[in-house]
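**Student:** Mind folding the following:
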Amino acid sequence: MTLELPPELEPYRARIEATVRPCVVLKKADGEPGLRDSKVGGVAYWPKDMDYPSDANGRPMYMLMQLNLGDLPKLEGYPKAGILQFFIVIDPYYGSYNVDGMEGTGHRVVYHSDTSKLDQELETVSIILGPDDQLPLDIMDVSITTSLTGVSENMVVTECDASYYQTFSDIDEFDNNVIMEKFREPLLNVDWSTHLGGYPQFFQGGFSSEYSEWLTLLTITADEEINILYGQGGVGNFFILPQDLANLDFSRVMYAWDCT
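**Tutor:** Next up is the predicted model:
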């Protein structure tokens, strides 16, 4: 791809363009989503012969997002079909407790390669919120759901990814705030979006080098259109190891969120 870069970044074009990763930007779609559709919240596609995700007390988790990959633009390295679901525990921490505990029990990611079950073979799980429960929604009504569609985009490495510092650590100018602002300018339309693939976003720091192997599976940014809030306008990230993604193994996805 050819990026439109400000003059200050032209000397670094080759290095910047080498970081480009494809992603699918997720946006609000028209209409009410069905059981198998891509959506925020709502009722999950869930076969009755599978145990529904639950917390340590047996309470059902909340389905934060469901993606029908067959209906979205294809993304290299990701399944071309099937349904991918992101569940979180209902609590004040939105299922994530600290960066060191990202592989904890407060979340679960599930992939259904077979989406052909008939409606009568599916389980309908109702989520009931108590007075102290919290979800990363700007409307506290679990019956509200938003249809999603996707657009193919390309994304340049963000400061929040461990590879950013590995890529530019030898260039003094990239520690300069002016250069950093110039680096962000052509990328904001993709960076601060809800997207599958690409690179993560954090408000308070980012990944250290020890996590450099992990890929961004999904980034969910605060967006009133799709009813996601994440604290004070924050962002949630899910990460996966390349070998797990290749094997369609979503059993050890990491998850963290932060806000301003």
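
**Student:** where does this protein have its least confident helix or strand?
**Tutor:** The helix or strand of the chain with the poorest confidence is helix 188-191; it has a mean of 57 (mean pLDDT, DSSP states H and E).

**Student:** Following element in sequence after that one, please.
**Tutor:** strand 195-197 (DSSP states H and E).

**Student:** Run through who's touching that following strand.
**Tutor:** 21-26, 67, 72, 75, 77-78, 150, 153, 155, 215-219 (CB atoms under 8 Å, 6 or more residues apart in numbering). C-betas here are computed from N, CA, C, even on glycine.

**Student:** Drop anything exposed from those.
**Tutor:** Buried members of those, scored by 16 or more other CB atoms under 10 Å, are 21-26, 67, 72, 75, 78, 150, 153, 155, 215-219.

**Student:** Could you measure from D161 over to I83?
**Tutor:** D161 is 27 Å from I83, where distance means CB to CB, to the nearest Å.

**Student:** from the contacts of strand 195-197, which ones fall inside strands?
**Tutor:** 21-26, 67, 150, 153, 155, 215-219 (DSSP state E).

**Student:** Using pLDDT, spot the least trustworthy of those.
**Tutor:** Of all those, M155 carries the smallest pLDDT score, 87.

**Student:** What does Y62 show for phi and psi?
**Tutor:** phi -90, psi 130 (degrees, to the nearest 10).

**Student:** list the contacts for it?
**Tutor:** Per CB under 8 Å, 6+ apart, neighbours of Y62: 41, 87-90, 127, 135, 142.

**Student:** and the gap between it and F86?
**Tutor:** Y62 is 10 Å from F86, by CB to CB.

**Student:** all strands for the stretch 151-260 of the chain, in order.
**Tutor:** In the stretch 151-260 of the chain, strands defined by DSSP state E, counting those that start in this stretch lie at 195-197, 215-221, 235-240, 254-258, listed in chain order.

**Student:** which strands and helices sit next to the longest one?
**Tutor:** Counting by 3 or more CB pairs under 8 Å, 6 or more residues apart in numbering; DSSP states H and E, the packing neighbours recorded for strand 215-221 are strand 62-68, strand 195-197, strand 235-240, helix 242-246.

**Student:** about what we covered before: between the strands of the stretch 151-260 of the chain, which has the poorest average model confidence?
**Tutor:** Checking each of these, the one with the poorest mean pLDDT is strand 254-258, at a mean of 87.

**Student:** Pull the distance from it to the chain's centre.
**Tutor:** On the basis of CA atoms, centre = their mean, to the nearest Å, strand 254-258 sits 9 Å off its chain's mean C-alpha point.

**Student:** what residues does it touch?
**Tutor:** With CB under 8 Å, 6+ apart, strand 254-258 has contacts from 88, 94-96, 99, 102-103, 106-107, 136, 202-204, 211, 214, 230-231, 234-240.

**Student:** now the helices and strands packed on strand 215-221 as TSV including distance to L118?
**Tutor:** Shown next, in TSV, are these (distance: least, CB to CB, whole Å):
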stretch	distance to L118
strand 62-68	17
strand 195-197	28
strand 235-240	30
helix 242-246	29
